[in-house]
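**Student:** with the sequence up front, the predicted model follows.
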Amino acid sequence: MATRTRDEFRCDQCAAVVPKWVGRCPDCGAWDSLSAVVAGRAVGATGSSVALGAGPIADLEAASTGVGEFDRVLGGGVLPGSVTLIGGEPGIGKSTLVLQALAGLARAGRRCLLVTAEESAHQTSERAARVGANVPGVSVLAESSMASLLAVVDAEAPDVVAVDSIQAISDPDVGGSSGSITQVRECAAALVALAKQRDIAVMIVGHVTKDGDLAGPRALEHVVDTVIAFEGDRHHALRLLRALKHRFGATSETGVLEMRGEGLVDVPDPSELFLADRAPGMAGSVVAPVLEGARPVLVEVQALVTEATAPMPRRSVQGLEARRLAVLLAVLADRVKINVRPRDVYASVAGGIRVTEPGVDLALALAVASAALHRPVEAGVCVVGEVGLAGEVRQVSHASRRIAEAARLGFGTAIVPALTPDVPGVELIRVQRLGDAVALAGLR
């Protein structure tokens, strides 16, 4: 079999490929960032295809990780030959999640290997003891070399391999330092090949940048089967798991976990957790049913309007989109004549959750109006709806499911868009415009 090869040079900073070495990358302008990569293609190789629907694919069975909310997002558990990328900010709990998942898989009879490239085996053992993950069947390899990783996999033949983290793994045959675009890309490709060739389930931990994107090349997200975003505020105990990509199931599920001293604990009823400390009857507080994936969740939207203390009024937002707040303040001023633009406005979602969907618009607008007018929204009322630039209240997806979740927690009244269908046990106050909502909520 003949093989054709040619030398290429890839930038460690932007992954651009050029046919010859130059001192400065022509794409990103970085100096001395090009590393040689040998690209080859086999000529005359033979292979065979299989009929669509044939083979053992249908017989694959997901293995439960023992972390119920993680399994929910994965569609039941991890599959042999699958590659799952778990991304999140440093310190959010990714290592704890992976360790607990491996312990659950080991209890189910899977042989697991944890490659910890950022911590020593002693540090990992201490964490395992704290979260109850010291179980037979989990081996720890404190190593950052891809060659050593592959050698241990050859020797031990595990069913599941977890790498923590991909930014700390390096291949000596690839140019660039660990964490560079070239190293992350090539090491991820090697792990994907390992999973597919040997039917090993691989979990890869990846850090995110300060902008919230997965560190390393965007191509990393395309080579894996599943991308899980592990989110949360390190100052709050709540953690969210979202599937951004999932080749083996839907991406509509969201898992909710709570970080405790003994590790991550499933939160089967997040609505009750979010509203546990709410003080009803306070101005600026409105409850909104939002969708986290396919799951309806009740959250408390809070607002505070005060006199400005600087020439430029402050806009402080936590858990909401700042641009959306600016739009709603303009709509309130021009369409409803509640002008808070010269004043400081603070808005947040209690509990550390982040809400970006438009279904929270009406609740946020009413929370600001309530804070500005110092009149509370009546207890037992929830609010859902999108607000347009003309001040109209627009429909949102799955409104009935949202309101049914509110009814389960004792809310008997809901302020909703005009065309919302009836929901048993809940009185619907249908509104067409934001001004009507403000009046019917008792704020004017």
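**Tutor:** Thanks, I have the structure now.
**Student:** from now on I want contacts and neighbour counts done on CA atoms only, so please keep to that.
**Tutor:** OK.
**Student:** and the host helix or strand of residue 230, what does it pack against?
**Tutor:** Remark: residue 230 resides in strand 226-232, with elements defined by DSSP states H and E. Applying 3 or more Cα pairs under 8 Å, 6 or more residues apart in numbering; DSSP states H and E, one finds that strand 226-232 contacts strand 83-88, strand 238-246.
**Student:** in CSV: those strands, plus mean pLDDT.
**Tutor:** What follows is these, written out as CSV (pLDDT from 0 to 100):
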stretch, mean pLDDT
strand 83-88, 93
strand 238-246, 91
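**Student:** just put those in a markdown table and tack on distance to residue 356.
**Tutor:** Conversion of the helices and strands packed on strand 226-232 to a markdown table gives the following (distance: least, Cα to Cα, whole Å):
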| stretch | distance to residue 356 |
| --- | --- |
| strand 83-88 | 18 |
| strand 238-246 | 14 |
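**Student:** how about these, which one is nearest residue 318?
**Tutor:** Residue 318 lies closest to strand 238-246 among the helices and strands packed on strand 226-232, at 14.7 Å (Cα to Cα).
**Student:** buried set for the closest one?
**Tutor:** 238, 239, 240, 241, 242, 243, 245, 246 (16 or more other Cα atoms under 10 Å).
**Student:** I'd say the second one and residue 254 touch.
**Tutor:** No - contact between residue 239 and residue 254 fails when scored by Cα atoms under 8 Å: they sit 10.4 Å apart.
**Student:** low pLDDT regions in the stretch 201-350 of the chain?
**Tutor:** Residues of the stretch 201-350 of the chain meeting the criterion pLDDT under 70: 209-219.
**Student:** dump the residue contacts of the residue nearest to residue 262 when sequence neighbours are not counted.
**Tutor:** Counting by Cα to Cα, 6 or more residues apart in numbering, residue 262 lies nearest to residue 131, which is 4.6 Å off, once chain neighbours are set aside. Residues in contact with residue 131 (Cα atoms under 8 Å, 6 or more residues apart in numbering) are 96, 100, 261, 262, 263.
**Student:** can you pull the contacts of the fourth one?
**Tutor:** What it means is residue 262. Under the criterion of Cα under 8 Å, 6+ apart, the contact list for residue 262 reads 130, 131, 132.
**Student:** please save the CA atoms from stretch 302-321 in CSV.
**Tutor:** Only the C-alpha atoms of stretch 302-321 are listed here, as CSV (Å, rounded to 0.1, in the frame of the first residue of the first chain):
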residue,chain,number,x,y,z
GLN,A,302,-36.5,40.7,41.3
ALA,A,303,-36.1,44.4,40.6
LEU,A,304,-35.0,47.5,42.6
VAL,A,305,-35.3,51.1,41.3
THR,A,306,-33.5,53.8,43.3
GLU,A,307,-32.4,57.4,42.8
ALA,A,308,-29.3,57.7,40.6
THR,A,309,-26.2,58.6,42.5
ALA,A,310,-24.1,59.4,39.4
PRO,A,311,-24.6,61.4,36.2
MET,A,312,-25.0,58.1,34.3
PRO,A,313,-27.8,55.9,35.8
ARG,A,314,-26.6,52.3,36.7
ARG,A,315,-28.0,49.2,35.1
SER,A,316,-27.0,46.1,37.1
VAL,A,317,-28.3,42.7,35.9
GLN,A,318,-27.7,39.2,37.3
GLY,A,319,-29.1,36.1,35.6
LEU,A,320,-30.8,38.1,32.9
GLU,A,321,-29.8,39.7,29.6
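**Student:** what's the closest of the contacts of residue 131 to residue 66?
**Tutor:** Set against residue 66, the nearest of the contacts of residue 131 by Cα to Cα is residue 100 (7.7 Å).
**Student:** isn't there a helix covering the closest one?
**Tutor:** Yes - counting by DSSP: H, G, I helix; E, B strand; the rest coil, residue 100 is part of a helix.
**Student:** could you report the pLDDT at it?
**Tutor:** Residue 100 is assigned 97 on the pLDDT scale.
**Student:** pretty sure it is touching residue 133, no?
**Tutor:** Yes - using Cα under 8 Å, residue 100 is in contact with residue 133, at 5.8 Å.
**Student:** tell me where the stretch 1-150 of the chain has strands.
**Tutor:** Along the stretch 1-150 of the chain, the segments classed as strands by DSSP state E, counting those that start in this stretch run 2-11, 17-18, 34-43, 83-88, 112-116, 138-141.
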